[in-house]
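Student: Give me the fold of what follows.
(chains A and B)
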Amino acid sequence: MRVSRFFMPVLRETPAEAQIVSHRYMLRAGLVRQQAAGIYSWLPLGHRVLRKIEQIVREEQDRAGAIELLMPTLQAADLWRESGRYDAYGKEMLRIKDRHERDLLYGPTNEEMITEIFRSAVRSYKDMPRILYHIQWKFRDEIRPRFGVMRGREFLMKDAYSFDLDAAGARHSYNKMFVAYLRTFARMGLKAVPMKADSGPIGGDLSHEFIVLADTGESQVYCHKDLVDMAVPENVNFDGDLEPYIKERTSLYAATDEKHDAEAFAKIPADKQLTARGIEVGHIFYFGTQYSKPMNAKVTAQNGEDVLVEMGSYGIGVSRLMGAIIEASHDDAGIIWPESVAPYRVGLISLKMDDPKTRQVCEDLYQKLGAAGVEVLYDDTDERAGAKFSTFDLIGLPWQIIVGPRGLTNNQVEIKNRKTGERQNLAPEAALDLFTRRT
RNA sequence: CGGGGCGUAGCGCAGCCUGGUAGCGCAUCUGGUUUGGGACCAGAGGGUCGCAAGUUCGAAUCUUGCCGCCCCGACCA
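Tutor: Now for the predicted structure:
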């Protein structure tokens, strides 16, 4: 993409409403625009990041055996009356009437709907177990939205739901999601620690929150240091025994403020005690028959008896993750995107568009990088060098290729790593090779 | 919802206390000089001063009501 034809409204100054760093940079780098309290438009750069996060979530869900579908944002109130939650949910739920005065709601979550879909389609144990998920916009009318996209009212969420014949099966489904989450967050460059959690209004008795450690996190967390850098499970057989992966983590102390047990924490060796701030990016629940019972979701088991299905639900805050990633990865100049979610991998910066040699080398690099499938954002504008450097540091692409007449007198372009700040001078062909051979 | 604050040009702000018909920086446009870390000179455009009512000869400024946004708290992916 050429900057001269792109839509990337960067702000030199910070809008007054943005307090925390991720919010400030998201506005300044032109990732989002606020439309109302807690409701955002996703501008092209932000949209690309959102799609990349979403895709990582999708791939890891699929790998764990979950199946994607898509449910609507609007739901009929009757469905929620069946579970009893229409009245229980309170003002957080946005309630709407259609032209016929029928009660609708903008879904804050989808347990009822997925239970309805499942019960109407599945009769036999032979179609079990299943994990179904979708990635869809939700709305929760928070009393006070804040921190930009980190606590919006409208947000993109992956929510998965598991259906099993018995508690042991449900436990295995829970474990699948547990492991999938470890992999998902690690791929985004995040260190997410599973912590014991309250099951909250959704209910249930087995629940973990996945917390990203970041200084600006909204909640206080306590955990064993070894959890932070624990290796992510590779080559997992999701149909095999997953308990060892779970035990490895749950045997070490980790809790959010609400569940914190100071005595247990004190038993950790002092040099392993970690008190930090955290951002919740995922939450998994096992809740048994809490919805299948009132909604009468049953299947016939092998012995011919009808049994209520055992369920769990598993959320990831997809749009929130963008904020969390920035909180965890930035410096004074701007965002530092991990390569896996960066809107473009490479920024190609022409320092002097009216220098024929510079232009020719840039155009050639741009064309060849593109042909090789490297995502490149090419600044072909007449801006001054300093302005371009600042902009590219702000938007945080992992790599910059800086091309100017000074370097080209020695047939050199400069490669800058945004994260480390390391620079190296290479011939244009060598720079091209550096990015194309690794893809 | 309780407490605090803010709404004046695209962004950041001043002006309000003490009413007299709107200003600064950045950004934008034109011309020129510049050009490897947010240039300089000259000129130009751009504002229902959040909305409404009231007070007044006159309201960005005073009064009342409403709306929106931000921060702290209780709540949440």
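Student: Just the terminal-to-terminal distance for stretch A:248-265.
Tutor: The first residue of stretch A:248-265 is 17 Å away from its last residue (Cα to Cα, to the nearest Å).
Student: Going by neighbour count, which residues in it are buried?
Tutor: A:249-250, A:252-256, A:260, A:265 (16 or more other Cβ atoms under 10 Å). Backbone N, C-alpha and C define where each C-beta goes, glycine included.
Student: close to RNA strand B, is that stretch?
Tutor: No. Stretch A:248-265 does not reach RNA strand B (Cβ under 7 Å from any atom of the strand); its nearest approach is 7.6 Å.
Student: what is the rounded mean pLDDT of that stretch?
Tutor: Averaged across stretch A:248-265, the pLDDT comes to 89.
Student: What are the contacting residues of that stretch?
Tutor: Contact with stretch A:248-265 is made by A:193-198, A:208-209, A:211, A:219-224, A:226-227, A:230, A:267-268, A:273, A:278, A:280, as judged by Cβ atoms under 8 Å, 6 or more residues apart in numbering.
Student: Now, these that are in strands?
Tutor: A:193-196, A:208-209, A:211, A:219-224, A:273, A:278, A:280 (DSSP state E).
Student: Can you say which of the contacts of stretch A:248-265 are buried?
Tutor: Neighbour counting with 16+ other Cβ under 10 Å marks A:193-197, A:208-209, A:211, A:221-224, A:227, A:230, A:268, A:278, A:280 as buried within the contacts of stretch A:248-265.
Student: Checking my notes, A:E429 in a helix, right?
Tutor: Yes. Counting by DSSP: H, G, I helix; E, B strand; the rest coil, A:E429 is found in a helix.
Student: in the stretch 251-400 of chain A, which spans are helices?
Tutor: A:262-266, A:318-328, A:356-371, A:385-395 (DSSP state H, counting those that start in this stretch).
Student: nearest to A:N237, of those?
Tutor: Across the helices of the stretch 251-400 of chain A, A:N237 has its closest neighbour in helix A:318-328 (26.7 Å, Cβ to Cβ).
Student: Check which helices and strands that closest one sits against.
Tutor: Counting contacts by 3 or more Cβ pairs under 8 Å, 6 or more residues apart in numbering; DSSP states H and E, helix A:318-328 packs against helix A:21-28, helix A:44-63, strand A:154-164, strand A:206-213, strand A:273-288.
Student: Could I get these in JSON lines, plus columns for mean pLDDT and distance to RNA strand B?
Tutor: Listed next are the helices and strands packed on helix A:318-328 as JSON lines, based on pLDDT from 0 to 100; distance: least, Cβ to the nearest atom of the strand, whole Å:
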{"stretch": "helix A:21-28", "mean pLDDT": "94", "distance to RNA strand B": "7"}
{"stretch": "helix A:44-63", "mean pLDDT": "98", "distance to RNA strand B": "11"}
{"stretch": "strand A:154-164", "mean pLDDT": "96", "distance to RNA strand B": "3"}
{"stretch": "strand A:206-213", "mean pLDDT": "91", "distance to RNA strand B": "6"}
{"stretch": "strand A:273-288", "mean pLDDT": "92", "distance to RNA strand B": "4"}
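Student: Now distance to A:Y344 too, for the ones you listed, in JSON lines please.
Tutor: Rendered in JSON lines, the data for these read as follows (distance: least, Cβ to Cβ, whole Å):
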{"stretch": "helix A:21-28", "distance to A:Y344": "16"}
{"stretch": "helix A:44-63", "distance to A:Y344": "8"}
{"stretch": "strand A:154-164", "distance to A:Y344": "21"}
{"stretch": "strand A:206-213", "distance to A:Y344": "24"}
{"stretch": "strand A:273-288", "distance to A:Y344": "24"}
